[in-house]
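Novice: I would like to see how this sequence folds:
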Amino acid sequence: MNQKWFYPALILSTIASAAAKFLGGGQSLQFALACLSLLFWAGLLGKATENVAHYAGERLGGLLNATFGNAAELIIAIFLVKEGLFDMVKASITGSIIGNLLLVLGLSLFVGGLKFKIQNFNPLLAGHNASLMMLAVIALVVPAVFLRDHKTVSPSEVETVSIIIASVLIIGYFLWLCFSLITHKKELGESIDGAPNTQHEEPDYSKGMSILLLVVSTVFVAIQSEWLVHTVEHVAKSLGWSELFVGAFLIAIIGNAAEHSAAIFLAMKNRIGAAVEIAIGSSLQIALFVAPALVFISLLFNNPMDLIFTPYELTAIGVSAIIASSISRDGSTNWYEGTLLLIVYIILGTVFFVV
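Specialist: Got it, this is the predicted structure:
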(Lines give C-alpha, C1' and ligand atoms only; values in the text may rest on other atoms or scores of the structure.)
Protein backbone atom coordinates (compact mmCIF):
# COMPACT_ATOMS: atom_id res chain seq x y z
CA MET A 1 0.00 0.00 0.00
CA ASN A 2 1.58 3.28 -1.10
CA GLN A 3 0.95 5.42 1.97
CA LYS A 4 2.05 8.64 0.21
CA TRP A 5 -1.12 8.75 -1.86
CA PHE A 6 -3.43 6.29 -0.10
CA TYR A 7 -4.10 8.17 3.14
CA PRO A 8 -4.63 11.60 1.50
CA ALA A 9 -7.00 9.94 -1.01
CA LEU A 10 -8.86 8.17 1.83
CA ILE A 11 -9.30 11.41 3.79
CA LEU A 12 -10.33 13.47 0.73
CA SER A 13 -12.84 10.83 -0.47
CA THR A 14 -14.39 10.65 3.01
CA ILE A 15 -14.70 14.45 3.27
CA ALA A 16 -16.19 14.60 -0.24
CA SER A 17 -18.69 11.86 0.61
CA ALA A 18 -19.72 13.64 3.83
CA ALA A 19 -20.07 16.96 1.98
CA ALA A 20 -22.32 15.39 -0.66
CA LYS A 21 -24.40 13.76 2.06
CA PHE A 22 -24.93 16.77 4.33
CA LEU A 23 -24.70 19.67 1.86
CA GLY A 24 -27.38 18.38 -0.46
CA GLY A 25 -25.57 16.68 -3.33
CA GLY A 26 -27.60 14.61 -5.79
CA GLN A 27 -28.22 10.98 -4.92
CA SER A 28 -26.13 9.76 -7.87
CA LEU A 29 -23.20 11.87 -6.66
CA GLN A 30 -23.70 10.65 -3.08
CA PHE A 31 -23.70 7.06 -4.33
CA ALA A 32 -20.50 7.49 -6.38
CA LEU A 33 -18.60 9.23 -3.57
CA ALA A 34 -19.81 6.72 -0.96
CA CYS A 35 -18.59 3.88 -3.23
CA LEU A 36 -15.19 5.57 -3.64
CA SER A 37 -14.77 6.20 0.08
CA LEU A 38 -15.96 2.68 0.91
CA LEU A 39 -13.34 1.21 -1.42
CA PHE A 40 -10.55 3.06 0.39
CA TRP A 41 -11.83 2.15 3.86
CA ALA A 42 -12.30 -1.49 2.81
CA GLY A 43 -8.73 -1.46 1.49
CA LEU A 44 -7.45 -0.15 4.85
CA LEU A 45 -9.59 -2.75 6.60
CA GLY A 46 -7.93 -5.47 4.53
CA LYS A 47 -4.44 -4.15 5.24
CA ALA A 48 -5.08 -3.79 8.98
CA THR A 49 -6.49 -7.33 9.07
CA GLU A 50 -3.44 -8.66 7.24
CA ASN A 51 -1.23 -7.07 9.90
CA VAL A 52 -3.33 -8.49 12.74
CA ALA A 53 -3.08 -11.88 11.00
CA HIS A 54 0.71 -11.61 11.14
CA TYR A 55 0.55 -11.51 14.95
CA ALA A 56 -2.27 -14.08 15.28
CA GLY A 57 -0.71 -16.81 13.10
CA GLU A 58 -1.49 -18.05 9.60
CA ARG A 59 -4.61 -20.18 10.19
CA LEU A 60 -6.29 -17.80 12.64
CA GLY A 61 -5.06 -14.90 10.52
CA GLY A 62 -6.87 -16.27 7.48
CA LEU A 63 -10.09 -16.51 9.49
CA LEU A 64 -9.65 -12.95 10.79
CA ASN A 65 -9.00 -11.66 7.29
CA ALA A 66 -12.14 -13.33 5.94
CA THR A 67 -14.21 -12.17 8.94
CA PHE A 68 -13.24 -8.51 8.86
CA GLY A 69 -13.17 -8.57 5.07
CA ASN A 70 -16.84 -9.58 5.26
CA ALA A 71 -17.63 -6.75 7.68
CA ALA A 72 -18.51 -4.46 4.77
CA GLU A 73 -20.93 -7.01 3.24
CA LEU A 74 -22.57 -7.72 6.60
CA ILE A 75 -22.99 -4.04 7.48
CA ILE A 76 -24.41 -3.21 4.04
CA ALA A 77 -26.78 -6.19 4.31
CA ILE A 78 -28.02 -5.13 7.76
CA PHE A 79 -28.98 -1.69 6.45
CA LEU A 80 -30.67 -3.30 3.44
CA VAL A 81 -32.62 -5.60 5.79
CA LYS A 82 -33.64 -2.59 7.88
CA GLU A 83 -35.02 -0.94 4.72
CA GLY A 84 -36.86 -4.17 3.80
CA LEU A 85 -34.89 -4.62 0.56
CA PHE A 86 -34.75 -8.41 0.85
CA ASP A 87 -34.30 -9.05 -2.87
CA MET A 88 -31.19 -6.87 -2.86
CA VAL A 89 -29.96 -8.52 0.35
CA LYS A 90 -30.15 -11.96 -1.23
CA ALA A 91 -28.58 -10.65 -4.43
CA SER A 92 -25.70 -9.15 -2.41
CA ILE A 93 -25.23 -12.46 -0.55
CA THR A 94 -25.14 -14.25 -3.90
CA GLY A 95 -22.71 -11.68 -5.26
CA SER A 96 -20.43 -12.00 -2.24
CA ILE A 97 -20.26 -15.79 -2.58
CA ILE A 98 -19.62 -15.85 -6.32
CA GLY A 99 -17.41 -12.78 -6.11
CA ASN A 100 -15.08 -14.49 -3.64
CA LEU A 101 -15.15 -17.88 -5.38
CA LEU A 102 -14.71 -16.56 -8.91
CA LEU A 103 -13.36 -12.98 -8.92
CA VAL A 104 -11.16 -12.86 -5.80
CA LEU A 105 -9.92 -16.45 -6.11
CA GLY A 106 -9.62 -16.17 -9.91
CA LEU A 107 -7.53 -12.99 -9.76
CA SER A 108 -5.34 -14.47 -7.01
CA LEU A 109 -4.64 -17.66 -8.97
CA PHE A 110 -4.06 -15.71 -12.19
CA VAL A 111 -1.70 -13.09 -10.74
CA GLY A 112 0.15 -15.60 -8.57
CA GLY A 113 0.40 -18.05 -11.47
CA LEU A 114 2.00 -15.45 -13.73
CA LYS A 115 4.86 -15.09 -11.23
CA PHE A 116 5.10 -18.71 -10.06
CA LYS A 117 4.49 -21.56 -12.54
CA ILE A 118 2.84 -23.92 -10.03
CA GLN A 119 1.60 -22.92 -6.59
CA ASN A 120 0.72 -25.50 -3.92
CA PHE A 121 -1.47 -25.36 -0.83
CA ASN A 122 -2.88 -27.75 1.75
CA PRO A 123 -5.01 -30.31 -0.20
CA LEU A 124 -6.66 -31.74 2.95
CA LEU A 125 -7.95 -28.32 3.97
CA ALA A 126 -9.02 -27.65 0.38
CA GLY A 127 -11.06 -30.88 0.41
CA HIS A 128 -12.87 -29.89 3.60
CA ASN A 129 -13.59 -26.44 2.16
CA ALA A 130 -15.02 -28.03 -1.00
CA SER A 131 -17.35 -30.22 1.11
CA LEU A 132 -18.51 -27.18 3.08
CA MET A 133 -19.26 -25.34 -0.17
CA MET A 134 -21.48 -28.24 -1.24
CA LEU A 135 -23.24 -28.03 2.15
CA ALA A 136 -23.89 -24.33 1.56
CA VAL A 137 -25.38 -25.08 -1.87
CA ILE A 138 -27.62 -27.82 -0.42
CA ALA A 139 -28.79 -25.52 2.39
CA LEU A 140 -29.86 -22.84 -0.11
CA VAL A 141 -31.28 -25.13 -2.81
CA VAL A 142 -33.47 -27.37 -0.61
CA PRO A 143 -35.75 -24.65 0.90
CA ALA A 144 -36.03 -22.91 -2.49
CA VAL A 145 -37.16 -26.11 -4.21
CA PHE A 146 -39.55 -27.30 -1.49
CA LEU A 147 -40.97 -23.94 -0.37
CA ARG A 148 -41.05 -21.96 -3.62
CA ASP A 149 -44.76 -22.65 -4.06
CA HIS A 150 -46.27 -20.39 -1.40
CA LYS A 151 -49.79 -21.59 -2.34
CA THR A 152 -49.26 -24.81 -0.41
CA VAL A 153 -46.95 -23.40 2.29
CA SER A 154 -47.98 -20.61 4.63
CA PRO A 155 -45.65 -17.61 5.32
CA SER A 156 -45.34 -18.70 8.96
CA GLU A 157 -44.14 -22.15 7.87
CA VAL A 158 -41.59 -20.57 5.51
CA GLU A 159 -40.36 -18.39 8.37
CA THR A 160 -40.10 -21.39 10.72
CA VAL A 161 -38.17 -23.49 8.20
CA SER A 162 -35.82 -20.56 7.45
CA ILE A 163 -35.09 -20.09 11.16
CA ILE A 164 -34.39 -23.82 11.65
CA ILE A 165 -32.06 -23.99 8.63
CA ALA A 166 -30.33 -20.76 9.69
CA SER A 167 -29.78 -22.19 13.18
CA VAL A 168 -28.32 -25.44 11.84
CA LEU A 169 -25.99 -23.61 9.46
CA ILE A 170 -24.63 -21.33 12.19
CA ILE A 171 -24.07 -24.32 14.48
CA GLY A 172 -22.35 -26.16 11.60
CA TYR A 173 -20.10 -23.17 10.93
CA PHE A 174 -18.95 -22.88 14.55
CA LEU A 175 -18.39 -26.64 14.73
CA TRP A 176 -16.17 -26.29 11.63
CA LEU A 177 -14.15 -23.59 13.41
CA CYS A 178 -13.83 -25.90 16.43
CA PHE A 179 -12.76 -28.79 14.17
CA SER A 180 -10.22 -26.85 12.10
CA LEU A 181 -8.75 -24.59 14.79
CA ILE A 182 -8.91 -26.82 17.89
CA THR A 183 -9.62 -30.56 17.68
CA HIS A 184 -7.89 -31.24 14.31
CA LYS A 185 -5.53 -28.29 14.12
CA LYS A 186 -2.44 -30.53 14.06
CA GLU A 187 -3.89 -32.90 11.43
CA LEU A 188 -4.73 -30.04 9.10
CA GLY A 189 -1.29 -28.56 9.62
CA GLU A 190 -0.11 -25.24 10.99
CA SER A 191 0.52 -23.97 7.47
CA ILE A 192 -2.29 -23.57 4.97
CA ASP A 193 0.25 -23.55 2.16
CA GLY A 194 1.75 -26.72 0.72
CA ALA A 195 4.97 -26.15 2.63
CA PRO A 196 5.75 -24.31 5.85
CA ASN A 197 5.92 -20.57 5.40
CA THR A 198 9.55 -19.47 5.71
CA GLN A 199 8.95 -15.82 4.92
CA HIS A 200 9.36 -13.41 7.81
CA GLU A 201 8.11 -10.11 6.50
CA GLU A 202 7.78 -7.32 8.98
CA PRO A 203 4.21 -5.96 9.34
CA ASP A 204 3.53 -2.34 8.45
CA TYR A 205 2.02 -1.55 11.86
CA SER A 206 2.51 -2.57 15.47
CA LYS A 207 -0.03 -4.89 17.09
CA GLY A 208 -1.79 -2.02 18.88
CA MET A 209 -1.92 0.18 15.78
CA SER A 210 -3.20 -2.74 13.66
CA ILE A 211 -6.08 -3.34 16.08
CA LEU A 212 -6.86 0.39 16.25
CA LEU A 213 -6.95 0.70 12.44
CA LEU A 214 -9.13 -2.42 12.31
CA VAL A 215 -11.72 -0.84 14.62
CA VAL A 216 -11.62 2.62 12.99
CA SER A 217 -11.89 1.26 9.45
CA THR A 218 -14.81 -1.01 10.46
CA VAL A 219 -16.66 2.02 11.90
CA PHE A 220 -16.16 4.07 8.73
CA VAL A 221 -17.15 1.11 6.55
CA ALA A 222 -20.41 1.03 8.52
CA ILE A 223 -20.99 4.77 8.02
CA GLN A 224 -20.29 4.71 4.28
CA SER A 225 -22.40 1.56 3.90
CA GLU A 226 -25.43 3.30 5.40
CA TRP A 227 -24.99 6.25 3.06
CA LEU A 228 -24.59 3.88 0.12
CA VAL A 229 -27.78 1.96 0.91
CA HIS A 230 -29.88 5.14 1.09
CA THR A 231 -28.99 5.99 -2.53
CA VAL A 232 -28.71 2.58 -4.18
CA GLU A 233 -32.40 2.24 -5.15
CA HIS A 234 -32.41 5.65 -6.84
CA VAL A 235 -29.22 4.87 -8.79
CA ALA A 236 -30.46 1.44 -9.87
CA LYS A 237 -33.71 2.92 -11.22
CA SER A 238 -32.02 5.88 -12.92
CA LEU A 239 -29.54 3.60 -14.71
CA GLY A 240 -32.17 1.00 -15.55
CA TRP A 241 -30.28 -1.70 -13.67
CA SER A 242 -32.12 -4.45 -11.82
CA GLU A 243 -31.78 -4.88 -8.06
CA LEU A 244 -30.40 -8.35 -8.84
CA PHE A 245 -27.46 -6.94 -10.82
CA VAL A 246 -26.77 -4.06 -8.42
CA GLY A 247 -26.81 -6.36 -5.40
CA ALA A 248 -24.97 -9.31 -6.94
CA PHE A 249 -22.20 -7.39 -8.68
CA LEU A 250 -21.90 -3.68 -7.89
CA ILE A 251 -22.40 -3.86 -4.10
CA ALA A 252 -20.56 -7.20 -3.88
CA ILE A 253 -17.47 -5.91 -5.71
CA ILE A 254 -17.32 -2.85 -3.45
CA GLY A 255 -17.80 -4.94 -0.32
CA ASN A 256 -15.15 -7.46 -1.45
CA ALA A 257 -12.45 -4.82 -1.84
CA ALA A 258 -10.69 -5.93 1.34
CA GLU A 259 -10.44 -9.55 0.17
CA HIS A 260 -9.37 -8.42 -3.32
CA SER A 261 -6.32 -6.59 -2.04
CA ALA A 262 -5.24 -9.03 0.69
CA ALA A 263 -5.67 -12.26 -1.33
CA ILE A 264 -3.96 -10.93 -4.48
CA PHE A 265 -0.98 -9.54 -2.56
CA LEU A 266 -0.57 -12.87 -0.74
CA ALA A 267 -0.71 -14.81 -4.02
CA MET A 268 2.02 -12.57 -5.47
CA LYS A 269 4.20 -13.50 -2.45
CA ASN A 270 3.71 -17.24 -3.24
CA ARG A 271 1.40 -17.62 -0.24
CA ILE A 272 -1.40 -19.03 -2.36
CA GLY A 273 -2.70 -21.16 0.52
CA ALA A 274 -3.46 -18.05 2.54
CA ALA A 275 -5.07 -16.42 -0.52
CA VAL A 276 -7.27 -19.48 -1.14
CA GLU A 277 -8.22 -19.60 2.54
CA ILE A 278 -9.32 -15.95 2.42
CA ALA A 279 -11.35 -16.30 -0.79
CA ILE A 280 -13.02 -19.65 -0.10
CA GLY A 281 -13.22 -19.10 3.66
CA SER A 282 -14.96 -15.78 3.06
CA SER A 283 -17.55 -17.42 0.78
CA LEU A 284 -18.19 -20.12 3.37
CA GLN A 285 -18.60 -17.53 6.09
CA ILE A 286 -21.13 -15.60 3.98
CA ALA A 287 -23.15 -18.74 3.18
CA LEU A 288 -22.95 -20.50 6.55
CA PHE A 289 -22.94 -17.57 8.97
CA VAL A 290 -23.77 -14.15 7.47
CA ALA A 291 -26.86 -15.23 5.49
CA PRO A 292 -28.35 -17.22 8.41
CA ALA A 293 -27.49 -14.41 10.85
CA LEU A 294 -29.43 -11.95 8.68
CA VAL A 295 -32.52 -14.12 9.16
CA PHE A 296 -32.32 -13.55 12.93
CA ILE A 297 -31.33 -9.88 12.53
CA SER A 298 -34.45 -9.30 10.40
CA LEU A 299 -36.57 -10.47 13.35
CA LEU A 300 -35.24 -7.53 15.37
CA PHE A 301 -36.85 -5.20 12.81
CA ASN A 302 -40.16 -7.14 12.97
CA ASN A 303 -39.81 -7.88 9.27
CA PRO A 304 -38.62 -11.51 8.91
CA MET A 305 -36.47 -12.50 5.95
CA ASP A 306 -36.61 -16.04 4.54
CA LEU A 307 -33.89 -18.14 2.88
CA ILE A 308 -35.77 -18.59 -0.40
CA PHE A 309 -33.35 -17.57 -3.15
CA THR A 310 -34.32 -17.23 -6.82
CA PRO A 311 -33.37 -19.87 -9.42
CA TYR A 312 -30.94 -17.33 -10.97
CA GLU A 313 -29.11 -16.86 -7.66
CA LEU A 314 -29.04 -20.58 -6.89
CA THR A 315 -27.66 -21.39 -10.34
CA ALA A 316 -24.90 -18.78 -9.92
CA ILE A 317 -23.93 -20.09 -6.48
CA GLY A 318 -24.09 -23.71 -7.63
CA VAL A 319 -21.88 -23.35 -10.72
CA SER A 320 -19.40 -21.19 -8.76
CA ALA A 321 -19.09 -23.81 -6.02
CA ILE A 322 -18.67 -26.63 -8.55
CA ILE A 323 -15.83 -25.06 -10.55
CA ALA A 324 -14.08 -23.65 -7.44
CA SER A 325 -14.21 -27.10 -5.79
CA SER A 326 -12.95 -28.76 -8.96
CA ILE A 327 -9.97 -26.41 -9.21
CA SER A 328 -8.99 -26.33 -5.52
CA ARG A 329 -9.35 -29.98 -4.48
CA ASP A 330 -5.92 -31.17 -5.79
CA GLY A 331 -3.95 -28.60 -3.75
CA SER A 332 -2.09 -27.07 -6.69
CA THR A 333 -2.94 -24.32 -9.13
CA ASN A 334 -1.69 -22.17 -12.01
CA TRP A 335 -2.63 -19.01 -13.90
CA TYR A 336 -4.92 -20.83 -16.37
CA GLU A 337 -7.17 -22.14 -13.60
CA GLY A 338 -7.55 -18.56 -12.42
CA THR A 339 -8.55 -17.61 -15.96
CA LEU A 340 -11.29 -20.25 -15.93
CA LEU A 341 -12.80 -18.78 -12.77
CA LEU A 342 -12.73 -15.27 -14.24
CA ILE A 343 -14.43 -16.50 -17.43
CA VAL A 344 -17.30 -17.99 -15.40
CA TYR A 345 -17.61 -14.70 -13.48
CA ILE A 346 -17.87 -12.72 -16.74
CA ILE A 347 -20.51 -15.15 -18.04
CA LEU A 348 -22.60 -14.75 -14.89
CA GLY A 349 -22.17 -10.98 -14.89
CA THR A 350 -23.36 -10.77 -18.49
CA VAL A 351 -26.56 -12.78 -17.94
CA PHE A 352 -27.31 -11.02 -14.62
CA PHE A 353 -27.06 -7.65 -16.36
CA VAL A 354 -29.48 -8.75 -19.08
CA VAL A 355 -31.93 -10.26 -16.58
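
Novice: what residues are up against residue 225?
Specialist: Going by Cβ atoms under 8 Å, 6 or more residues apart in numbering, residue 225 touches 38, 72, 75, 76, 79. To be clear about C-beta, it is placed using only N, CA and C from the backbone, and glycine gets the same treatment.

Novice: confidence score at it?
Specialist: pLDDT, residue 225: 75.

Novice: chain center to whichever strand or helix holds residue 174, what's the gap?
Specialist: Per DSSP states H and E: residue 174 is located in helix 155-178. Centre-to-centre, helix 155-178 and its host chain are 19 Å apart (Cα atoms, centre = their mean, to the nearest Å).

Novice: packing partners of that helix?
Specialist: Using 3 or more Cβ pairs under 8 Å, 6 or more residues apart in numbering; DSSP states H and E as the contact definition, the elements that helix 155-178 packs against are helix 123-147, helix 272-285, helix 291-300.

Novice: would you mind finding the most buried of the ones you listed?
Specialist: Mean neighbour count (mean count of other Cβ atoms under 10 Å) peaks for helix 272-285 among those, with a mean of 29.

Novice: for that helix, packing partners?
Specialist: Right, helix 272-285 is packed against helix 58-69, helix 86-98, helix 105-115, strand 119-120, helix 123-147, helix 155-178, helix 257-268, helix 311-328 by 3+ Cβ pairs under 8 Å, 6+ apart.

Novice: residue 301: which of the ones you listed is closest?
Specialist: helix 86-98 (11.1 Å; Cβ to Cβ).

Novice: show me which residues of the closest one are buried.
Specialist: Residues 86, 88, 89, 90, 91, 92, 93, 94, 95, 96, 97, 98 are the ones in helix 86-98 that count as buried (16 or more other Cβ atoms under 10 Å).

Novice: take those and write them to CSV, including distance to residue 216 and pLDDT.
Specialist: Formatted as CSV, the buried residues of helix 86-98 follow (distance: Cβ to Cβ, whole Å; pLDDT from 0 to 100):
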residue, distance to residue 216, pLDDT
86, 31, 87
88, 27, 82
89, 26, 86
90, 30, 88
91, 29, 84
92, 24, 82
93, 26, 87
94, 30, 88
95, 26, 86
96, 23, 85
97, 28, 89
98, 30, 90
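
Novice: and which of these is nearest residue 178?
Specialist: The closest of these to residue 178 turns out to be residue 97 (Cβ to Cβ; 22.9 Å).

Novice: quick one: contacts for residue 276?
Specialist: By Cβ under 8 Å, 6+ apart, the contact set of residue 276 is 105, 108, 121, 126, 129, 192, 328, 333.

Novice: which of these tops the neighbour count?
Specialist: Greatest neighbour count in the contacts of residue 276, by other Cβ atoms under 10 Å, goes to residue 105: 32 neighbours.

Novice: roughly how far does that residue sit from residue 323?
Specialist: Here the distance between residue 105 and residue 323 works out to 10 Å (Cβ to Cβ, to the nearest Å).

Novice: and for these two, which residues touch both?
Specialist: By Cβ under 8 Å, 6+ apart, the residues touching both residue 105 and residue 323 are residue 341.

Novice: sorry, back to before: turn the helices and strands packed on helix 155-178 into JSON lines, columns for distance to residue 353 and mean pLDDT.
Specialist: Below are the helices and strands packed on helix 155-178 laid out as JSON lines (distance: least, Cβ to Cβ, whole Å; pLDDT from 0 to 100):
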{"stretch": "helix 123-147", "distance to residue 353": "22", "mean pLDDT": "86"}
{"stretch": "helix 272-285", "distance to residue 353": "22", "mean pLDDT": "84"}
{"stretch": "helix 291-300", "distance to residue 353": "23", "mean pLDDT": "92"}
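
Novice: which residues sit in contact with residue 116?
Specialist: Counted by Cβ under 8 Å, 6+ apart, residue 116 has contacts 270, 272.

Novice: how close does it sit to residue 291?
Specialist: Noted for residue 116: a distance of 34 Å to residue 291, by Cβ to Cβ.

Novice: how about the helices and strands packed on helix 272-285, which one is nearest residue 26?
Specialist: Closest among the helices and strands packed on helix 272-285, once you apply Cβ to Cβ, is helix 86-98, at 20.9 Å.
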